[in-house]
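**Student:** 3D model of this:
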Amino acid sequence: MQKVLMVCTGNICRSPTADGVLRHFVAEQRLGGRIEVDSAGTQSYHIGEAPDRRSQKHALRRGYDLSALRARQVNAQDYAEYDLILAMDKSHLSYLKQHCPAEFQSKIQLFLVFSSKFTEQEVPDPYYGGEQGFEHVLDLIEDACKGVLQACLQPSSQAR
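**Tutor:** Below is the predicted model:
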């Protein structure tokens, strides 16, 4: 079983969108017994809340239902439990690296290293932007999730 954790700031926009998209891809390919997905935030601002309504709306238009997801904060167990811990931007990467025990550091990466179509390194935060920001985030996430899925299916793969 490969376990993947998506991480952003409050766990209401980027990481739950990535969580929902990858879950969808896993279900579509009937890989539920091989790949498990979750998401979390570096901060505790929104614990227990559903994803941002705009994230849900844009995701649903593309067939991804985020409504059952609830925000949580990254915890100490996550570093041992997950095989891949994917940061949406460099501030999340820095946070994760600072809080992660040395033996699990290799599990942490920027999410967009798995993108094949885009050159961006970070998934931008759409929270304070307009509708197009949520669409662009979905474009980035869909592409990178395909790469994550491929990586999870390769024997003993944690990195690119």
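**Student:** for this protein, which helix is longest?
**Tutor:** The longest helix of the chain (DSSP state H) is helix 131-153.
**Student:** for it, which helices and strands make contact with it?
**Tutor:** Applying 3 or more CB pairs under 8 Å, 6 or more residues apart in numbering; DSSP states H and E, one finds that helix 131-153 makes contact with strand 2-8, helix 14-28, helix 53-61, strand 84-87. (Each C-beta comes from the backbone N, C-alpha and C, glycine too.)
**Student:** what angle do the longest one and strand 2-8 make?
**Tutor:** Read that as helix 14-28. Computed by axes from the mean of the first three to the mean of the last three CA atoms, to 10 degrees, the angle separating helix 14-28 from strand 2-8 equals 150 degrees.
**Student:** list the contacts of the next helix or strand along the chain from helix 14-28.
**Tutor:** For helix 14-28, the following helix or strand on the C-terminal side (DSSP states H and E) is strand 35-41. For strand 35-41, the external contacting residues (CB atoms under 8 Å, 6 or more residues apart in numbering) are 1-12, 15-16, 18-19, 22-23, 26, 69, 71-75, 78, 82, 149, 152.
**Student:** stretch 54-64 now?
**Tutor:** Surrounding stretch 54-64, the residues in contact under the criterion CB under 8 Å, 6+ apart are 12-13, 16-17, 20-21, 24, 50-51, 65-67, 126, 131, 134-135, 137-138, 142.
**Student:** give me that answer again for 6 Å
**Tutor:** Contact with stretch 54-64 is made by 13, 17, 20-21, 24, 66, 134, 138, as judged by CB atoms under 6 Å, 6 or more residues apart in numbering.
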